[in-house]
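1. Give the three-dimensional model of this entry:
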Amino acid sequence: HNCFANYNYSDFATNTATRPSQNITTNETGSPIVNPTEDSRVSLFMRKFEDEVLQRDAKFNDLGSEDPRYLALDWILNNDQMNLGLDSMNLNQRYVLALIAFSLDSKAWGAIEEGSVIGNKEVDGKSTWLSSIDECSWYNVSCTGGLVTGIQLDEYSLIGEIPAEISRLDHVDSISLRKNCLYGTLPPELGELPLKYLGLAENAFSGFIPETLFNLTSVEYVFLSFQNGNRWNCTRSRGGIVDIYYSHGDQAQGANLGLQGKILGDKISNLSSLRTISITKNQFSGTISTDISSLKQLENMYAESNKIRSSIPTEIALMENIRVLDLSQNYLTGEIPQDVGNLKRLEYFALSGNGGLSGPLPSSLFELKSLQYIYFQENSLTGKIPSSIGMYQDLVGLNLGSNEFTGSLPNGLYNL
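-> Got it, this is the predicted structure:
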């Protein structure tokens, strides 16, 4: 499905002949100014959006003529056949969705014929974004009672930065923009939303994770993984390739490093509703806080390939619902806590590639009958491999290589 309506918006933005009325003009710098003869209509819309939608004290008269915030205003005033009035309940959310469309460029920008493929999605020409139908009917926009509650645009080759004004969709509890070509920093304003699902994996975001994300006390699913090392690209609407292996898709800026910050620090306790957190392949650092014990609902933690320097706190054993625990390829040190035997639902346990984990395998580990995968290779673990390892009747994957174990292989291994 295509996200965008069949308009040539590059022409729309620059060619005044395509506009039904000349309500907005620009000054010599390209910034929009109000035509005095249209002040009664245009300025009212501008003031409303400035007061209720635009973030960070933005004003239309300070914006360039191709700024997405200006283009969305121009579309609302001149091209949107819905012609919503200032008193419409849906005006602000329609403007924000238009702003998102203008902010996220892609090959889908412009005329698309039915049967075309954008990213991995086939276009059917229906329910397109920026079409003059109810925005709740736009492709993969979810609404309840006429209010937008979700946006899902995965794998659409979208290019650009998430606008801060997305936070003005006050009722959105689900955002999924996975596997696109999005870059830049995460807007702090995301923390103002009542999110339960945040899916931004497999893009090219960078910079420090906003502290405001720890205000998402209702969030259950957070996917921020794979922000570096990705080797796919997207095509801009006006031509040109964006390779998200590089920062902002620009080879001159070097490889994108991914997100940074202390995501598993003390503030993680604010996210007590979490069921899944996926932060693999970023640059997250810091230690694992003892407050991780607050994540009673957590079922899956994917934190592989970061820069976390920490011991494994004993309190990790209080995450009683955990099924997948992957802390591989970090800089963990110390011993594996004896109390991991309390994780009765644990199925996948990976600590490989940390190098600094030492001491013996905890005896309680072999009480976890649900374990199917154990990956502890490339550490400094010592002692003997106990014969009780043969009790894992459902074991599918086991790797204890490149450690410092002593003694002979237990006979129990041959029972697996």
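2. what about the stretch 101-250 of the chain, any weak spots by pLDDT?
-> Along the stretch 101-250 of the chain, segments meeting pLDDT under 70 span 107-126.
3. quick one, strands of it?
-> Assigned strands in the stretch 101-250 of the chain, in chain order: 117-118, 121-122, 141-144, 147-152, 159-160, 174-176, 181-184, 197-199, 204-205, 207-208, 221-223, 233-235, 241-243 (criterion: DSSP state E, counting those that start in this stretch).
4. The stretch 251-400 of the chain too?
-> 259-261, 276-278, 283-284, 300-302, 309-311, 324-326, 331-335, 348-350, 356-359, 373-375, 380-383, 397-399.
5. gap between the third one and the chain center?
-> Taking CA atoms, centre = their mean, to the nearest Å, the mean C-alpha location of strand 283-284 is offset from the chain mean by 15 Å.
6. Likewise for the last one?
-> Centroid separation for strand 397-399 versus its chain: 31 Å, with CA atoms, centre = their mean.
7. all numbers from here: first residue = 101
-> With the count now opening at 101, the last piece we talked about shows up as strand 497-499.
8. Is it possible to get JSON lines of the strands of the stretch 351-500 of the chain that adds distance to residue 260 and mean pLDDT?
-> Every residue, glycine included, has its C-beta placed from N, CA and C. Below are these laid out as JSON lines (distance: least, CB to CB, whole Å; pLDDT from 0 to 100):
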{"stretch": "strand 359-361", "distance to residue 260": "17", "mean pLDDT": "98"}
{"stretch": "strand 376-378", "distance to residue 260": "23", "mean pLDDT": "98"}
{"stretch": "strand 383-384", "distance to residue 260": "22", "mean pLDDT": "98"}
{"stretch": "strand 400-402", "distance to residue 260": "26", "mean pLDDT": "98"}
{"stretch": "strand 409-411", "distance to residue 260": "34", "mean pLDDT": "98"}
{"stretch": "strand 424-426", "distance to residue 260": "31", "mean pLDDT": "98"}
{"stretch": "strand 431-435", "distance to residue 260": "34", "mean pLDDT": "98"}
{"stretch": "strand 448-450", "distance to residue 260": "34", "mean pLDDT": "98"}
{"stretch": "strand 456-459", "distance to residue 260": "40", "mean pLDDT": "97"}
{"stretch": "strand 473-475", "distance to residue 260": "37", "mean pLDDT": "97"}
{"stretch": "strand 480-483", "distance to residue 260": "45", "mean pLDDT": "97"}
{"stretch": "strand 497-499", "distance to residue 260": "40", "mean pLDDT": "95"}
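9. Output those strands as TSV; include the columns distance to residue 196.
-> Shown next, in TSV, are the strands of the stretch 351-500 of the chain (distance: least, CB to CB, whole Å):
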stretch	distance to residue 196
strand 359-361	24
strand 376-378	27
strand 383-384	30
strand 400-402	31
strand 409-411	39
strand 424-426	35
strand 431-435	41
strand 448-450	39
strand 456-459	47
strand 473-475	43
strand 480-483	52
strand 497-499	46
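10. Out of those strands, flag the one nearest residue 242.
-> strand 376-378 (19.9 Å; CB to CB).
11. Tell me the buried residues in stretch 393-406?
-> Neighbour counts over stretch 393-406 (16 or more other CB atoms under 10 Å) mark 393-395, 397-406 as buried.
12. what do you get for stretch 338-348?
-> Buried residues in stretch 338-348 (16+ other CB under 10 Å): 342, 343, 344, 345, 346, 347, 348.
13. cool, stretch 448-466 as well?
-> For stretch 448-466, a neighbour-count test (16+ other CB under 10 Å) marks 448-454, 457-458, 460-461, 464-466 as buried.
14. so who does the most centrally placed residue in the chain touch?
-> Central residue of the chain (CA atoms, centre = their mean): residue 300, 1.7 Å from the mean position. When contacts are counted by CB atoms under 8 Å, 6 or more residues apart in numbering, residue 300 is found next to 275, 277, 278, 282, 286, 323, 324.
15. Need those in CSV (columns: neighbour count and distance to residue 386).
-> Below are these laid out as CSV (neighbours: other CB atoms under 10 Å; distance: CB to CB, whole Å):
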residue, neighbour count, distance to residue 386
275, 21, 25
277, 23, 26
278, 19, 25
282, 25, 25
286, 22, 17
323, 19, 20
324, 26, 15
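16. Which of those residues sits closest to residue 513?
-> Nearest member of the contacts of residue 300 to residue 513, counting by CB to CB, is residue 323, at 36.2 Å.
17. The closest one pairs with what?
-> Beta-bridge pairing of residue 323 under DSSP bridges involves residue 299, residue 378.
18. Identify all contacting residues around stretch 504-515.
-> 480, 481, 482, 483, 484, 485, 486, 487, 488, 489, 490, 491.
19. so how far is it off the chain centroid?
-> Distance, centroid of stretch 504-515 to centroid of chain: 43 Å (CA atoms, centre = their mean).
20. In stretch 280-287, which residues have enough neighbours to count as buried?
-> For stretch 280-287, by 16+ other CB under 10 Å, it's 280, 281, 282, 283, 286, 287.
21. how long is that stretch from one end to the other?
-> Start and end residues of stretch 280-287 are separated by 17 Å (CA to CA, to the nearest Å).
22. Kindly report the same for stretch 389-399.
-> The first and final residues of stretch 389-399 sit 18 Å from each other (CA to CA).
23. For it, give the mean pLDDT please.
-> Here stretch 389-399 scores 97 as its mean pLDDT.
24. what's in contact with that stretch?
-> Residues contacting stretch 389-399 (CB under 8 Å, 6+ apart): 320, 364-366, 368-369, 371-377, 413-416, 418-424, 445.
25. Stretch 145-160 too?
-> 132, 134, 169-170, 173, 176-177, 186, 191-192, 195-196, 264-265, 267-268, 289.
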